[in-house]
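[1] I need the structure of the sequence given here:
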Amino acid sequence: MTLCRLLKFSKCMNQDYVKWYSMISMMNDNKGIGAGGSNTNKSGLSFEEDTHLRHLWVENKMNRKLTKTSCEYKIKFNHDGNSYINVEQSGFTKYMESIGFGKLELCHGCKKPDEIYIDMPNKIIFWIEKKNQNVPGSVSEKLQTAHCKRYSLKKNFPGFHIEYIFMLSNFFKNGHATELDYLKMINVPVFYIDEKDKIIDYIEQTSTESSIVQSLRDLRLSYSK
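    Model (predicted):
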């Protein structure tokens, strides 16, 4: 091989190496900037479990098994408080179908709640969506989907009041003013990882206020007769 051809071959090899090295570097960089994948899923599942309100239940009774991985529980947060139905993931649609709602046409993200409590006497669904983020990424954009998902739940479960609630990691406290202002405007309460007690207070207060309103309504109807 002549010296000229040898130099050309060496140059091509170097170019291919640079391209290969750049591609590998980009792949590694994406793993650390909110690119999702298995690490994001593992982190999200761990966050969902760590923030589950079951650790604060004072009473719970398994009513029945809905799927292979989900059961229906009747729970209380306070001994003298309201009772709620709790189901997990795909058990939610199974439960709603079992009480008369069929042919559900829920939008994406409305079939398997991260955590949910159903106040049957007052017909309130407390849907808790959890988002965990530690670096800038696409999860931040999902805060903008609450209105669409709440609309889908209202459409599929007429007669139920939908309380759509966000539980977020502390990362969202900064740099998300626009999203948080929007959620406040559309009445979607936001709580953070260290505010589980506040979520329970919100759930209990909402149920109690609904019971009082219903009692006053019933009283007014009885007087009108």
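[2] show me the contacts for F126.
    By Cβ atoms under 8 Å, 6 or more residues apart in numbering, the contact set of F126 is 84, 116-119, 163, 165, 203, 206. Just so you know, the C-beta spots here come from the backbone N, C-alpha and C atoms, and that holds for glycine as well.
[3] let's see 7 Å
    116-117, 163, 165, 203 (Cβ atoms under 7 Å, 6 or more residues apart in numbering).
[4] out of these, which one sits closest to T51?
    Of all the contacts of F126, I165 has the smallest distance to T51: 11.7 Å, by Cβ to Cβ.
[5] Where do the helices of this protein begin and end?
    Secondary structure of the chain by DSSP state H: the helices cover 3-31, 37-50, 91-98, 146-156, 177-185, 196-224.
[6] With respect to those, which exhibits the lowest mean confidence?
    Across these, helix 3-31 has the smallest mean pLDDT, namely a mean of 45.
[7] For the residue sitting nearest the centre point of the chain, give the beta-bridge partners.
    Centroid-nearest residue in the chain, with Cα atoms, centre = their mean: E129, separated by 1.8 Å. E129 has the following beta-bridge partners by DSSP bridges: F166.
[8] does it really touch E163, like I thought?
    No. The pair E129 / E163 is not scored as a contact, 11.3 Å apart, by Cβ atoms under 7 Å.
[9] so what's W57 up against?
    With contact taken as Cβ under 7 Å, 6+ apart, W57 is in contact with 75-77.
[10] what about 10 Å?
    W57 is in contact with 73, 75-78, 84, 86, 200, counting by Cβ atoms under 10 Å, 6 or more residues apart in numbering.
[11] Now, those that are in strands?
    Those of those mapping onto strands are 73, 75-76, 84, 86, per DSSP state E.
[12] Most neighbours of all the contacts of F126, which one?
    The most crowded member of those, judged by other Cβ atoms under 10 Å, is Y117 (26 neighbours).
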